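Chemist: Okay, here's the prediction I keep looking at, along with the sequence it came from:
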Amino acid sequence: MMLSLELLVASAIGILTAGGIYLLLRLRTFPVIMGVSLLTYAVNIFLFSSGRLTVGAPPILNDSATLYADPLPQALVLTAIVISFGMTAVIVMMALGSYLGNNTDLVNDPLVDDDDDTGVENAGDVTPQEGRP
Amino acid sequence: MTHWLIVPIILPAILAPFIVLAARYHIGIQRVFSLVGVSAQIVLGLALMWQASDGTVMIYQLGDWAAPFGIILVGDRLSTMMVLLTAVLALLVMLYTIGSRWDERGRHFHALFQFQLMGIMGAFLTGDIFNLFVFFEVLLIASYGLMIHGGGNARLRAGTQYVLFNLVGSTLFLFALGAIYAETGTLNMADLALRVQMVSPDATVGIRLAAVLLLLVFAIKAAIVPLHVWLPSSYAEAPGPVAALFAIMTKVGAYAIIRVYTLIFPPDHGPTAGMHDYWLMVAALATVALGMIGVLAAKKLDRMVAFAVIGSMGMVMLAVSLFTPQGIAAALYYMVHSTLAAASLFLIVDMVKDSRANLRLQATWPVAGAVPTAALFFMAAIAMAGLPPLSGFLGKLLILDASFGNGSVVWIWSFVLIGSLISVVAFGRAGSTLFWKARSIPMPEDVDAGPAPSTLSYVAVGGLLALLIAHTVFAGPVTAYTTSIAEQLFAPNAYITNVLETPGKLSTPADGGDH
């Protein structure tokens, strides 16, 4: 039995997306950034396959061509890779700054005590044990 | 073909690197260039709007490549109006930034501000949906920098949250674009409008998926429930002038929804029918409700204003989800109003913030410059809550009027009216606690309330409120214009033929239209 190219690519996208979403739901910056990266890989392959999967075909269309590879998705993927690369660099720096400053790497909002009249958000009060994954 | 249409994008793209490279240690020069830049944008916006006002659809082919091969910029009534609105908002926010010296609290404020404008202008002007994604990323990455301008732990934390949420949104956008390209083989919006109609009725799964994914992406931008969760923290923690500029960012999402779902997936398009009038309307009603309840429940002034933004976006989307010319016209009127009102409220919050220990809605001693600030807050709150005589009231009236004939008219009326009542109560309570009750509390000896906000800050906020008054006084001409915008949106043939049938120097649509 032969594995088709389509099945292979589709399951790769599926597995990467599933892993990415699982990591996103961990709500700690490191796993979430990993999850976003996995999702970007998945979407890159998805974009790549949106021009249909062809093997050994030239990316040029002329009147005699019977089979050609669509070059546009490759350009789109290139754009997407560059953007996601830059964004990942930004978020890593920001997440690091936030972790070092707040002593916690939780992504969600800190709980603010309703009866706390001092008005100081106790974001920095989380002990290191709680803050670490 | 003139080049004016691309200038709103090119100008900040040139100014920003210049500010970073040549003027990085000279705040005065940065300010001058920033101000000149945004003033020039206003002139450009006015000129473009005047050009488009007779119904002309201006196009600009990049590299002289004909659509759908090349990227194309399109200026019609809607996009030029949004360009002008952005430019006007940017000028007043820039004045406030200079007046409050926010730009000295961190580096590269002016450069990031220009990049932000570049992204927003590009998103409004582009006629290519992948290009829309690119401009979204440009405006987002600039907004990440602006959001954490000035630093601080709470701000960094909120910034991280904001960036992560938007990264997921961008990924979703790419999935939607991949699905669209796989189904239609094009990314040009005008070409898409034709090709989506050609999709065989038996195989609509892909295109319906793409339509829903796109709606989700734009809903994240427009902060529609349940995708609003990123907004309260980021807008509350962002520097005041940045939050005020962000008031236009939620409108970018609303603009994209209006554009894509009138042009590419019009309301009468079979496979996607029911998405807007059922799902979008329910989400919009929930947004109104959640926004208004949030306004009442918020314990801090900045969060309260952030929830007011969510509520007003719900109001805009409610009018949009009617998808009638009248509804879109009302939505556009309300959109202009809500941008100006939200921006002025965020600036007022920033004025209050500086001389208080925190922004909790508790009475402390009076803030510095309490009397003029309170007067401005009073006006801005009236506008935001939608009380007469300001434009919020007229906007809501237009939305209520447009909803006649819709099946959900009872729901719309009750949500809008009850929501408005709640927000009136909430704003009234906040204003009287912060400004009136404060007068009975004596100033402690050892506390210095700090200097009052500068005159320039008051000029900026006063300018926004003056625009709101003008928006009310000239409501007749404005609604006539928004109605003409809506008519143009619902007759997209001029747009489509102008984009697709203009030959470029290097290619004509005819010699290979079937790619």
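Modeler: Arrived safely, thanks for sending. Residues are numbered from 1 along each chain as shown, chains lettered A, B, ... in the order given.
Chemist: Please count neighbours and contacts with C-alpha atoms only from this point.
Modeler: Fine.
Chemist: Spell out which parts of chain B neighbour chain A.
Modeler: B:137, B:141, B:153-154, B:156-161, B:163-164, B:167-168, B:171, B:174-175, B:177-179, B:181-182, B:185, B:233, B:358, B:360 (C-alpha under 8 Å from any C-alpha of the partner chain).
Chemist: out of the residues you listed, which are inside helices?
Modeler: B:137, B:141, B:153-154, B:156-161, B:163-164, B:167-168, B:171, B:174-175, B:177-179, B:181-182, B:233 (DSSP state H).
Chemist: And what about A:Leu61, helix, strand or coil?
Modeler: Following DSSP: H, G, I helix; E, B strand; the rest coil, the label given to A:Leu61 is coil.
Chemist: could you measure it against chain B, distance?
Modeler: 9 Å (C-alpha to the nearest C-alpha, to the nearest Å).
Chemist: got the contact list for the residue sitting nearest the centre point of chain A?
Modeler: Nearest to the mean C-alpha position of chain A, by C-alpha atoms, centre = their mean, lies A:Val36 at 2.2 Å. Shown in contact with A:Val36 (C-alpha atoms under 8 Å, 6 or more residues apart in numbering or on different chains): A:Gly20, A:Leu24, B:Leu164, B:Leu167, B:Val168.
Chemist: doesn't it fall inside a helix?
Modeler: Yes. The assignment for A:Val36 is a helix, going by three-state DSSP.
Chemist: Could I get the pLDDT score of it?
Modeler: Listed pLDDT for A:Val36 reads 94.
Chemist: how much space is there between it and B:Arg195?
Modeler: Computed as C-alpha to C-alpha, to the nearest Å, the A:Val36 to B:Arg195 distance reads 32 Å.
Chemist: What of B:Ser79?
Modeler: Distance from B:Ser79 to B:Arg195, by C-alpha to C-alpha: 23 Å.
Chemist: ok, now B:Ile418?
Modeler: If you go by C-alpha to C-alpha, the gap between B:Ile418 and B:Arg195 works out to 43 Å.
Chemist: Get me the contact residues on chain A for chain B.
Modeler: Residues of chain A lying near chain B (C-alpha under 8 Å from any C-alpha): A:32-33, A:36, A:39-40, A:43, A:46-47, A:50-52, A:80, A:83, A:87, A:91, A:94-95, A:97-98, A:101-102, A:107-109, A:119-120, A:123.
Chemist: Among these, name the ones in helices.
Modeler: Those of the residues of chain A next to chain B lying in helices (DSSP H): A:32-33, A:36, A:39-40, A:43, A:46-47, A:80, A:83, A:87, A:91, A:94-95, A:97-98, A:101-102.
Chemist: Got a PyMOL select line for the buried ones in these?
Modeler: For the buried members of those, the matching PyMOL selection, counting by 16 or more other C-alpha atoms under 10 Å in any protein chain shown, is:
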select buried, chain A and resi 32+33+36+39+40+43+46+47+80+83+87+91+94+95+97+98+101+102
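Chemist: Check the contact between B:Leu35 and B:Tyr96; I expect there is one.
Modeler: No. Proximity of B:Leu35 to B:Tyr96 does not meet the contact threshold set by C-alpha atoms under 8 Å, at 11.3 Å.
Chemist: neighbour count winner among the two?
Modeler: Remark: of B:Leu35 and B:Tyr96, B:Tyr96 carries more neighbours, 27 against 19, as counted by other C-alpha atoms under 10 Å in any protein chain shown.
Chemist: Mean pLDDT per helix and strand in chain A: which one sits at the bottom?
Modeler: helix A:128-131 (a mean of 42; mean pLDDT, DSSP states H and E).
Chemist: ok, back up a step: quick check on B:Ser79 and B:Arg195: which one has the bigger neighbour count.
Modeler: Neighbour comparison, B:Ser79 and B:Arg195: the larger count goes to B:Ser79, with 24 against 15 (by other C-alpha under 10 Å).
Chemist: Quick one: mean pLDDT for whatever helix or strand the more buried one lives in?
Modeler: According to DSSP states H and E, B:Ser79 maps onto helix B:77-100. For helix B:77-100, mean pLDDT rounds to 95.
Chemist: just checking, what packs against that helix?
Modeler: Helices and strands touching helix B:77-100, by 3 or more C-alpha pairs under 8 Å, 6 or more residues apart in numbering or on different chains; DSSP states H and E, are helix B:27-52, helix B:109-125, helix B:240-246, helix B:325-353, helix B:455-473, helix B:475-490.
Chemist: average model confidence for the last one?
Modeler: Summarised as a single mean, pLDDT over helix B:475-490 is 94.
Chemist: Extract the C-alpha trace of it and format it as PDB.
Modeler: Extracted C-alpha coordinates of helix B:475-490, given in PDB (Å, rounded to 0.1, in the frame of the first residue of the first chain):
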ATOM      1  CA  ALA B 475     -25.300  65.100  10.900                       C
ATOM      2  CA  GLY B 476     -27.500  65.700   7.800                       C
ATOM      3  CA  PRO B 477     -24.600  66.100   5.300                       C
ATOM      4  CA  VAL B 478     -22.600  63.300   7.000                       C
ATOM      5  CA  THR B 479     -25.500  60.800   6.900                       C
ATOM      6  CA  ALA B 480     -26.100  61.800   3.300                       C
ATOM      7  CA  TYR B 481     -22.500  61.000   2.500                       C
ATOM      8  CA  THR B 482     -22.500  57.700   4.500                       C
ATOM      9  CA  THR B 483     -25.700  56.800   2.600                       C
ATOM     10  CA  SER B 484     -23.900  57.400  -0.700                       C
ATOM     11  CA  ILE B 485     -21.000  55.200   0.600                       C
ATOM     12  CA  ALA B 486     -23.400  52.400   1.400                       C
ATOM     13  CA  GLU B 487     -25.000  52.700  -2.000                       C
ATOM     14  CA  GLN B 488     -21.600  52.400  -3.600                       C
ATOM     15  CA  LEU B 489     -20.900  49.300  -1.500                       C
ATOM     16  CA  PHE B 490     -24.100  47.600  -2.500                       C
END
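Chemist: by how many degrees do the helix or strand following it and helix B:475-490 diverge?
Modeler: The helix or strand immediately downstream of helix B:475-490 is helix B:493-501, counting by DSSP H and E. Angle, helix B:493-501 to helix B:475-490, by axes from the mean of the first three to the mean of the last three C-alpha atoms, to 10 degrees: 50 degrees.
Chemist: Not counting its own residues, what contacts helix B:493-501?
Modeler: Contacts of helix B:493-501 (C-alpha under 8 Å, 6+ apart): B:Val57, B:Ile59, B:Ala66, B:Ala67, B:Pro68, B:Ile72, B:Val74, B:Ala190, B:Asp191, B:Ala193, B:Pro509.
Chemist: Apply 10 Å and report the result again.
Modeler: B:55-61, B:66-69, B:72-76, B:127, B:188-194, B:263, B:488-489, B:492, B:508-510, B:513 (C-alpha atoms under 10 Å, 6 or more residues apart in numbering or on different chains).
Chemist: So which of the residues you listed belong to helices?
Modeler: B:Met189, B:Ala190, B:Asp191, B:Leu192, B:Ala193, B:Leu194, B:Leu263, B:Gln488, B:Leu489.
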